[in-house]
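K.L.:
Please find the sequence and the predicted model below.
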Amino acid sequence: MPRKEHQFALDERHLLTQVHIDGILLFILGLVLTSGLMILYSASEQNMHLVIRQGIRAGIGLVLMILMAQLPTTALRRYSPAIFGGLLLTLLLVLLTGDASKGAQRWLDLGFVRFQPSELMKVVLPLWIATLLHRYRAIIPFERFMAAGISIIAPVLLISMQPDLGTAILVGSAGGMALFFSGLSWRYIIGISALGCAMMPLGWHHLQPYQRQRITTFLDLEKDPLGSGYQILQSRIAIGSGGWQGKGWLQGTQSHLDFLPERTTDFIFSVMAEEWGLQGVLALLSAYFAIILRCFYISMKAEDRFDRIIGASLTFTFFSYLFINIAMVTGMLPVVGVPLPLISYGGTSIVTILASFGILMSIQTHKQRKLF
């Protein structure tokens, strides 16, 4: 590379570091967000109003990401108890006065904005668990372990009562991963796993009727192909009909002829697979994989144990979003209402995910003023 071009590249990279932005992560996120708006445009039958609203939400998320990147993680650690406690009270408020939609009470309507507090818990809970446990490198004291366990169980139960099983699973996973990356003993891990298995019959008893139906449908899709199994079967048809090259952007038949329900939210991956084909799916998964690799790189290179815990936990939460959604729409898991990250239509989800990437950027750029 010529000297001037090399110097320009160094200066540009240094500028991004000065404003606490990870250029590699920002570039890949931009590609996925742009692709998401194109997919949503087709899935919504070229509804520009919907696409503009999603674009505005993505813009808000990017602004919040940049703001979060400016905060050193020491500030997040200092205020995490108050943030976690306040958000827990907000979840209680949702159950008492929350805005109901499609049989679930998950939102708070403040007049100027309507948001889903449970989504924020996916970011806040790992922060709180890391704050509780980051000082203990060898053995986690039992009282700290119990405090962390109660901190995970409380929001999971409140979110399950909304009811929102998908978000409850993701919140529980986020907290569980923070525990794991804190160095939890295998004795505790085996004990928790055994307790979870023992409580599965009790959990089944407390599921809503429609949630039980989703699980039984998952076990036998062909039992009711025009009823409870319709959604997954149509999703599989859409994905399979895309072939290698796909039918072409805006040319999907399963979505545009209304065979595929929830095509702008939970099942938007099926729309993309039908129109873009396997090559489009592989390209999108490669972008997601690059995001995950970059985030794990940032987490593993973090100089502070607290940063490593929250970085790895937030990265795993993002992976869980991706894995559960794709497994759900392909029939490998029951339908639990988890969106495709950065692509499914929805405000709180995309803003929360981008905010979590802001925390990862803060971890990367605040440790030292490095060029890479």
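P.N.:
Noted; the coordinates are in hand. Numbering: from 1, shown residues only.
K.L.:
what's stretch 153-160 in contact with?
P.N.:
87-88, 91-92, 94-95, 118, 121, 125, 167-168, 171-172, 175, 206 (Cβ atoms under 8 Å, 6 or more residues apart in numbering). Just so you know, the C-beta spots here come from the backbone N, C-alpha and C atoms, and that holds for glycine as well.
K.L.:
Now, of those, which are buried?
P.N.:
Using 16 or more other Cβ atoms under 10 Å as the burial test, the contacts of stretch 153-160 include 87-88, 91, 94, 118, 121, 125, 167-168, 171-172, 175 as buried.
K.L.:
In CSV: the residues you listed, plus distance to Ala287 and pLDDT.
P.N.:
Putting the buried ones among the contacts of stretch 153-160 into CSV (distance: Cβ to Cβ, whole Å; pLDDT from 0 to 100) gives the following:
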residue, distance to Ala287, pLDDT
Leu87, 30, 93
Leu88, 34, 93
Leu91, 33, 92
Val94, 33, 89
Ser118, 27, 89
Met121, 26, 93
Leu125, 27, 94
Thr167, 24, 88
Ala168, 28, 90
Val171, 25, 92
Gly172, 27, 91
Gly175, 27, 91
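K.L.:
between the residues you listed, which is nearest Trp107?
P.N.:
Val94 (7.3 Å; Cβ to Cβ).
K.L.:
Now do the contacts for the closest one.
P.N.:
With contacts defined as Cβ under 8 Å, 6+ apart, Val94 is in contact with 105-108, 117-118, 158, 162.
K.L.:
Enumerate every residue touching the residue nearest to Tyr321 when sequence neighbours are not counted.
P.N.:
Take Tyr321 and drop its neighbours on the chain: the residue closest to it by Cβ to Cβ, 6 or more residues apart in numbering is Pro341, 4.2 Å away. By Cβ under 8 Å, 6+ apart, the contact set of Pro341 is 288, 318, 321-322, 325, 349-350, 353.
K.L.:
quick one: Pro341 from Ile192, how far?
P.N.:
Distance of Pro341 to Ile192, given as Cβ to Cβ, to the nearest Å: 26 Å.
K.L.:
ditto for Val281
P.N.:
Going from Val281 to Ile192 by Cβ to Cβ gives 35 Å.
K.L.:
contacting residues for Leu108?
P.N.:
Applying Cβ under 8 Å, 6+ apart, the residues near Leu108 are 90, 93-94, 97-99, 114-117.
K.L.:
Bridged to it, which residues?
P.N.:
Note on Leu108: beta-bridge partners Phe115, judged by DSSP bridges.
K.L.:
Quick check: it vs Leu221, distance?
P.N.:
Leu108 is 36 Å from Leu221, where distance means Cβ to Cβ.
K.L.:
Please apply the same query to Met332.
P.N.:
Distance from Met332 to Leu221, counting by Cβ to Cβ: 11 Å.
K.L.:
Arg212: which element?
P.N.:
helix 209-219 (DSSP states H and E).
K.L.:
do Leu26 as well
P.N.:
Using DSSP H and E, Leu26 falls in helix 23-43.
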